[in-house]
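1. Next one to model:
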Amino acid sequence: MAEQNFVDFVRVCCRSGSGGGGSVHFYRDKLNAKGGPDGGDGGRGGHIILEGNRNVWTLLSLKYRKHVIADNGGNGGDKNAHGANGKDIILQVPLGTVVKNAETNEIEAEITRHGEKRIVTPGGRGGLGNYHFRNPVNQSPRYAQPGEAGLEEWKILELKVLADVGLVGFPNAGKSTLLAAISAAKPKIADYPFTTLVPNLGIVSYRDNHSFVMADIPGIIEDAHLGKGLGVRFLRHIERNASLLFMVPADAENIATQYHILLNELAKYNIELLDKPRLLAITKSDLLDEELISLIKAELPENVTVVFISAVSGYGIDKLKDLIWSQISSSIRDQKAQPMELEKQVLVVPHREFKPNKNNRQASGHNEDDFIVLNEFDDSGFPDPKNFEHWEEEESEIVEEKPID
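-> Sure, this is the predicted structure:
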């Protein structure tokens, strides 16, 4: 993928559709001149939905699409006819996309699975027709609910690359060389700092038809958290990695010092990154003899597994794969042992409608348990049809009775 095509941060204005208004209508035919109310409900406004797609690798499609607008719902009709729902807008995004509110910077949703759908801006609910407001006292209500207004919000979409192992190191530590040697990826390789300017992904084949995904992250330097070098912009791409592989070249002045500098930069960016399983790979080790390897091992910390490798000669590569696979497998087992927090999974069920019940707050219909309500809407700005004083004031704006057939 070309560097200019890799987009991992966009701001988008999302405007959901407004709900359609309920209808004020009374049944009439040649045998019944004074039928009861039969005004239908308005349709809901269109949602703005994000869908995870494993075949999408970047947010490039949204870079120049600053406004996303869904359709409004249709108004209700006579004979209890329900208004048409507004058409939803479904945006395809790569796995690892995080949605934030642009004003509060609060994380609202995360897309991590293929086919996962999340409503980021829900459409307004349709208003109830006058059929719902008949009662023994008022058998011919001449009012209906208007539709709920849609939402207009700025959203920030950030991409955090999903990979099993992330490569962390200084510029020219051999990260891209390793990725190119053990996968089909073809990152740019050159003998100057910051050759890698965007993350690169590669699929590494392992024994017994297994494989894992490796992410090559642009190099970081000391004080990167202060903006030096490329800063910490790309460090968010290793937040989702199951394991971290620190890489330090064998010809570095002080291998232990470089390793601790990398740890310190990660800690200043996000201390939780240090809780991830990690390995330390000493690259360009084909230049070392056994005596030098022993001396280097003695200077390194004992709380990290060290492996000596050479991407050019293949020295230590098989051992490195074994260690990475062992850590990845342990991480997967730990995740399976933890119960899934279902309350945080907001899924969109296709071809399903929200229909208000008597208290106008919950969804009903077939398989109600399949619904997880995004957020109960605030009725404070939604006129109460049973509040007659209020509706007398607003009647000229929201009531339109159809002519008698």
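
2. okay, and for the stretch 151-300 of the chain, where does confidence drop off?
-> 184-198, 224-233 (pLDDT under 70).

3. now the helices for it?
-> According to DSSP state H, counting those that start in this stretch, the stretch 151-300 of the chain carries its helices in the segments 175-182, 255-269, 290-299.

4. Report all helices and strands that the last one contacts.
-> Packing contacts for helix 290-299, counted by 3 or more Cβ pairs under 8 Å, 6 or more residues apart in numbering; DSSP states H and E, involve helix 255-269. In this view, the C-beta of every residue, glycine as well, is placed from N, C-alpha and C.

5. Name the surrounding residues that touch the helix it packs on.
-> The contact list for helix 255-269 (Cβ atoms under 8 Å, 6 or more residues apart in numbering) reads 168-170, 220, 222-225, 232, 235, 246, 248, 252, 273-274, 280, 282, 296, 299-301, 304.

6. swap the cut-off to 7 Å and go again
-> The contact list for helix 255-269 (Cβ atoms under 7 Å, 6 or more residues apart in numbering) reads 168-170, 220, 222, 224-225, 232, 235, 246, 248, 252, 273-274, 280, 282, 296, 299-300.

7. so where do the strands sit in the stretch 151-300 of the chain?
-> Using DSSP state E, counting those that start in this stretch, the strands of the stretch 151-300 of the chain run over 152-159, 165-169, 200-205, 211-216, 243-249, 278-283.

8. quick one: contacts for residue 168?
-> 217, 238, 244-247, 262 are the contacts of residue 168 under Cβ under 7 Å, 6+ apart.

9. what pairs with it across the strands?
-> Beta bridges link residue 168 to residue 246 when assigned by DSSP bridges.

10. Against residue 238, how distant is it?
-> 7 Å (Cβ to Cβ, to the nearest Å).

11. what residues do the two have in common as contacts?
-> By Cβ under 7 Å, 6+ apart, residue 168 and residue 238 have these common neighbours: 217, 244.

12. Show me the one of the strands of the stretch 151-300 of the chain that comes nearest residue 22.
-> strand 152-159 (23.0 Å; Cβ to Cβ).

13. quick one: terminal-to-terminal distance for stretch 84-95?
-> Stretch 84-95 stretches 32 Å from its first residue to its last (Cα to Cα, to the nearest Å).

14. what about the strands in the stretch 1-150 of the chain?
-> Using DSSP E, counting those that start in this stretch, strands in the stretch 1-150 of the chain cover 9-15, 48-52, 67-69, 89-93, 97-101, 107-111, 117-121.

15. Any buried residues in the third one, and which?
-> In terms of neighbour count (16 or more other Cβ atoms under 10 Å), strand 67-69 has its buried residues at residue 68.

16. hang on, residue 88 packs against residue 45?
-> No. The criterion here is Cβ atoms under 7 Å, and residue 88 misses it with residue 45 at 9.4 Å.

17. JSON lines for the strands of the stretch 151-300 of the chain, including distance to residue 75?
-> Below are the strands of the stretch 151-300 of the chain laid out as JSON lines (distance: least, Cβ to Cβ, whole Å):
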{"stretch": "strand 152-159", "distance to residue 75": "21"}
{"stretch": "strand 165-169", "distance to residue 75": "52"}
{"stretch": "strand 200-205", "distance to residue 75": "49"}
{"stretch": "strand 211-216", "distance to residue 75": "50"}
{"stretch": "strand 243-249", "distance to residue 75": "56"}
{"stretch": "strand 278-283", "distance to residue 75": "59"}
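
18. Thanks a lot, see you next time.
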